[in-house]
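S.K.: pasted the sequence and its predicted model underneath.
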Amino acid sequence: MALALAFVMTSAIGVAQDIKAKSAADQKTAKAEAFDPVAFIKSFKLGMSYVEVQAALPRNAEQDTLAYVPGEESFLLGVDLPGGATWSASFKFDTLDTPARRPEQLIEFSCSAGISTRSESFEAIVGKVTAAFGEPVEVSRSQDQFQQAGWRVTGGSLLTLEYSKMPGATAETVNIEFVIKKNPRRGLPDAKAVA
């Protein structure tokens, strides 16, 4: 009787652990699929303060130590985003030439990942960004390895999408990078956004 009871308890514990492991894996997959880079990008605008950027970041985002870049007189903050294991972002802040160097205003922002083309094609991403920001000022589909698009966003800044095959990787894997920065010439598309 005791032997039978021990067998039943061991089996029940094993089944419970399998269910818990499957549930954790399903939650991780759901979180990864739930991350929307376009919605994330829309949360940030150039000119935001460091405090505003901190408030807009997901609570469980992992942040690098804020680093001062002497040559550019700016601060750089790297962030690993929750839910999407490969998504990361970087924020560059101006010091506003104050004697006490500290991060003041957001001057450049990027969000990037390496993903499978099965989950996100160039056309699908362009469609999502267009739905959020309006028609692009430029789209370049001319090259197989490297495709780009650019949109005007708030304050005359430019959002660029770079979609490229990862060197040495299979045709199914690509790098995606979104960058928002001030457009040096307001009347023209940024040269980086045009192939």
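M.R.: Great, that's in hand.
S.K.: quick one, helices of this protein?
M.R.: Assigned helices in the chain, in chain order: 2-34, 37-42, 50-56, 122-133 (criterion: DSSP state H).
S.K.: ranking those helices by mean pLDDT, which is last?
M.R.: Comparing mean pLDDT over the helices of the chain, the weakest stretch is helix 2-34, at a mean of 51.
S.K.: if I pick the residue nearest the centre of the chain, what's in contact with it?
M.R.: Averaging the C-alpha coordinates of the chain gives a centre point, and the residue nearest to it by CA atoms, centre = their mean is residue 111 (3.4 Å). When contacts are counted by CB atoms under 8 Å, 6 or more residues apart in numbering, residue 111 is found next to 37, 40, 41, 81, 87, 88, 89, 177, 178. Bear in mind the C-beta positions are built from the backbone N, C-alpha and C, glycine included.
S.K.: quick check: bridge partners of it?
M.R.: Using DSSP bridges, the beta-bridge partners of residue 111 come out as residue 89, residue 178.
S.K.: give me the below-cutoff pLDDT ranges for this structure.
M.R.: In the predicted model, the chain carries pLDDT under 70 at residues 1-34, 84-85, 98, 143-144, 167-171, 183-195.
S.K.: which residues touch stretch 94-106?
M.R.: 44-50, 53, 66, 68, 73-75, 77, 91-93, 107.
S.K.: what's the domain layout of this protein?
M.R.: Following the assignment in automatic domain parsing, the chain carries domains at 1-34, 36-193.
S.K.: tell me the most buried of these?
M.R.: For the domains of the chain, ranked by mean neighbour count under the definition mean count of other CB atoms under 10 Å, the leader is domain 36-193 at a mean of 16.
S.K.: contact partners of stretch 49-63?
M.R.: By CB under 8 Å, 6+ apart, stretch 49-63 touches 43-44, 48, 75, 77-83, 91, 93, 102-106.
S.K.: hmm, who's touching stretch 73-86?
M.R.: Identification of contacts with stretch 73-86 by CB under 8 Å, 6+ apart yields 31-32, 34-35, 37, 40, 50, 53, 57-58, 60-64, 66-69, 87-95, 97, 101-103, 107, 111, 113-115.
S.K.: mind checking which of these are in strands?
M.R.: Members of the contacts of stretch 73-86 lying in strands (criterion: DSSP state E): 62-63, 67-69, 88-94, 107, 111, 113-115.
S.K.: between the contacts of residue 111, which is nearest residue 124?
M.R.: residue 37 (12.0 Å; CB to CB).
S.K.: need the nearest residue in space to residue 69, chain neighbours excluded.
M.R.: Excluding the flanking residues, the one nearest residue 69 by CB to CB, 6 or more residues apart in numbering is residue 76, at 5.6 Å.
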